[in-house]
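Asks: For reference, the sequence and a predicted model appear below.
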Amino acid sequence: MKISKIEADLKSRAKAAFVLDDAAVAGFCLAAPPPHIKADASIAWPIAGAKLLKKPPLKIAEELAAALGGEVEAGVVPPGFVNITFTPAFLFAALRGLEKPGSLHRPEYAGEKINLEFVSANPTGPMHLASGRGATLGDSLARIWKELGAEVATEFYVNNVGRQVEKLGLSLKARFEGKEPPEDGYQGDYLKDLAAALPKEAADWTDAQFSEYAVAEMLKLHKADMAAFGVQFDRWFLESELHQAGGPAKALATLRERGMAYEKEGAVWFGSSSELESDDKDRVLVKADGRNTYFLNDIAYHLNKFSRGFGRLIDILGADHHGYVPRMEAAVKALGSGAFKVIIHQQVSLLRGKEVVKMSKRAGDFISLKELVDDVGVDACRFFFASRGPNTHLNFDIELAKKKSNENPVYYVQYVHARICSIFDNAAGKGVDPAAGFDESKVVINKEERALMLKLLWLEKTLSDCARDNSPHHLTTYLTELAASFHSFYDQHKVLDPENKELTAYRLFLLKSVNGVIAKGLALLGVSAPERM
RNA sequence: GUCCCCAUAGCUCAAAGGAUAGAGCUCCUGCCUUCUAAGCAGGCAAUCCAGGUUCGAUUCCUGGUGGGGACACCA
């Protein structure tokens, strides 16, 4: 039994009691009541349904409460809330249900193959701090969707060809020869280090060889940075692979077949505005000089993803790319191969105290992700990034982040895990069986225990919220609240009581559930759950 | 100029159109001889402005104000 199950049960009872269709009960849901209400869950639907049913909300609430009785206790509060109290049997069954693998799967995610692309930073320099946001968002969402039952493959697109890469090669070559990089090249010190490590034979290298070498080294760095940040990519897709497979030509042919490409002024254009009206003007696919635009290559890349069997493509991009979204959506729609969605997250501004630091790879002035992680730690970084919705404009004060790292809420949550592990250690030391049975029907659930149980049930809703809003921040909020419930319980009640084996067994069972949820929640965020702190 | 995003406590953030707006940091008052005080209990403190929709608006709509970002035959 879980909360979505009982929600569905109650909903169908409402449907039957008032003789309604699905649309009429669409807004029927269980919600956590505000703190001053003594109930486990509440339903606001009677108020909303008053107009439809042409009855006063309070009357509807009374009828609904009567229809719901039995399975739960239902009370009515003006203006028309139905407040639900769960039975102990339901609560225990729900807690036991949490332990089952796949207990959080939801039908709407079954059987769908999702490709999730994120970060995709250019391999022209070390990854900077802002990439941590996209990385956190993508990795946590991938884990959450998997927990909900989806099949997700994560992917990092590497632009390893093109002008920026040529510039990178020329900049490295200049450093190798002891010169300054070209003005529009890459000025950062990291190329000095790379040049110093080059073999002597590099003196005979072509420009292309310098580019190839530099990109390979940067890619190694990126892979190491992502691994250190706890982010796993199922595939690092090289743009060069796309060209070797003739991807852009295929994409262009597909668009032509569908009448979505035309020639004008010596160039080939994508005809999106005339047909689909999701972009304001047509864009060039092939330039007058015969070279592909990035746009065409990107279309080809998305076609490639579809050809690998993904039914749904999701890209996570920074807000600086938002203008690119309409044309990309129009183009993918024109391919007609499947669903496509872009999740935009706002950018990270770096502050030093009150001063805004402009970050630029080309100028070599930026804080790298590695530097941040080395200073603050992966757990604190990931929890920090995860705790903001994608639409917030993040001001990241690097000084504050370092100084306050110990005050990050992540430790508050992790501390729960350490404390509970410690209790189980002590139990073992005292010869207490951590898995002893107890008589559920005789348990008296106190206020703090009840708060914990309810919080545990709400995990399922929390993950759905994350999926709905494409953001892990609901989970960080949830974990912080669960942690607060635990710490409060811990302070007031002793778990291990040799005089009372039933009580001890019951509380150990409850805490095992709490620790399971804490560990799972932190794992979904890519944060560790330490056994000792 | 057009488009996107944001505005909640001194600071950083929460809040499916629901009830007395919820946390952390800061400041103040208490609590360690008992399973970890990275903790607990309590106090101070907030929805940018003006209209609209609604039984009900922090949430939706319109118009302001203030801030961030984007508008290439670049990638």
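Replies: Great, that's in hand.

Asks: Isn't A:P530 up against A:I420?
Replies: No - A:P530 is beyond contact range of A:I420, at 11.3 Å (criterion: C-beta atoms under 8 Å). C-betas here are computed from N, CA, C, even on glycine.

Asks: more neighbours, these two?
Replies: Using other C-beta atoms under 10 Å, the more surrounded residue of A:P530 and A:I420 is A:I420, with 23 against 14.

Asks: list the contacts for that one?
Replies: By C-beta atoms under 8 Å, 6 or more residues apart in numbering, the contact set of A:I420 is A:F486, A:L511, A:K512, A:V514, A:N515, A:I518.

Asks: Counting neighbours, what do you get for the residue of the stretch 51-200 of chain A found nearest RNA strand B?
Replies: Distances between the stretch 51-200 of chain A and RNA strand B by C-beta to the nearest atom of the strand are smallest at A:G162, namely 3.0 Å. Counted by other C-beta under 10 Å, the residues lying close to A:G162 total 16.

Asks: Quick check: it touching A:E239?
Replies: Yes - with contacts counted by C-beta under 8 Å, A:G162 reaches A:E239, the gap being 7.4 Å.

Asks: circling back to that earlier point, how close does the residue of the stretch 51-200 of chain A closest to RNA strand B get to A:S211?
Replies: Separation of A:G162 from A:S211 (C-beta to C-beta, to the nearest Å): 10 Å.

Asks: what does A:I43 give?
Replies: Distance from A:I43 to A:S211, by C-beta to C-beta: 62 Å.

Asks: So which of the two has more stuff around it?
Replies: A:I43 (27 against 24).

Asks: quick one, what contacts that one?
Replies: Contacts of A:I43 by C-beta under 8 Å, 6+ apart are A:L10, A:F28, A:C29, A:L30, A:A31, A:L64, A:F81, A:V82, A:N83, A:I84.

Asks: what does the model give the closest residue to the first one other than its chain neighbours for pLDDT?
Replies: Read it as A:L10. Spatially, and ignoring its direct neighbours in sequence, A:L10 is nearest to A:L68 (5.5 Å; C-beta to C-beta, 6 or more residues apart in numbering). Here the pLDDT value assigned to A:L68 is 86.

Asks: What of A:D280?
Replies: Per the predicted model, pLDDT is 59 at A:D280.

Asks: do the same with A:S272
Replies: Taking A:S272 on its own, its pLDDT is 58.

Asks: cool, and the one 5 residues further on?
Replies: At A:E277, the pLDDT value in this model is 46.

Asks: hang on, the earlier thing: quick one: residues contacting the residue of the stretch 51-200 of chain A closest to RNA strand B.
Replies: By C-beta under 8 Å, 6+ apart, the contact set of A:G162 is A:E239, A:Y294.

Asks: swap in A:L95?
Replies: Counted by C-beta under 8 Å, 6+ apart, A:L95 has contacts A:M453, A:L456, A:F509, A:L510, A:S513.

Asks: Show the residue spans covered by the helices in the stretch 201-350 of chain A.
Replies: Along the stretch 201-350 of chain A, counting by DSSP state H, counting those that start in this stretch, helices occupy A:207-228, A:239-244, A:247-257, A:294-307, A:325-335.

Asks: Report the buried residues of the longest one.
Replies: Pointing back at helix A:207-228 there. Residues of helix A:207-228 classed as buried: A:210-215, A:217-219, A:221-222, A:225-226 (neighbour count, 16 or more other C-beta atoms under 10 Å).

Asks: Out of the contacts of A:I43, who's the most crowded?
Replies: Among these, the one with the most neighbours (other C-beta under 10 Å) is A:V82, at 28 neighbours.

Asks: which phi and psi does the closest residue to it other than its chain neighbours have?
Replies: The shortest distance from A:V82 to any non-neighbouring residue, by C-beta to C-beta, 6+ apart, is to A:I43 (4.4 Å). Note on A:I43: backbone dihedrals following degrees, to the nearest 10 are phi -130, psi 120.

Asks: Can you check what pLDDT the model gives A:I43?
Replies: As predicted, A:I43 sits at a pLDDT of 94.

Asks: I'd like the distance between it and A:E62.
Replies: A:I43 is 13 Å from A:E62, by C-beta to C-beta.

Asks: name the element A:G75 belongs to?
Replies: When secondary structure is defined by DSSP states H and E, A:G75 falls within strand A:73-77.

Asks: Go ahead and name everything in contact with that strand.
Replies: Contacts of strand A:73-77 (C-beta under 8 Å, 6+ apart): A:37, A:39, A:58, A:61-62, A:64-66, A:68, A:82-87.
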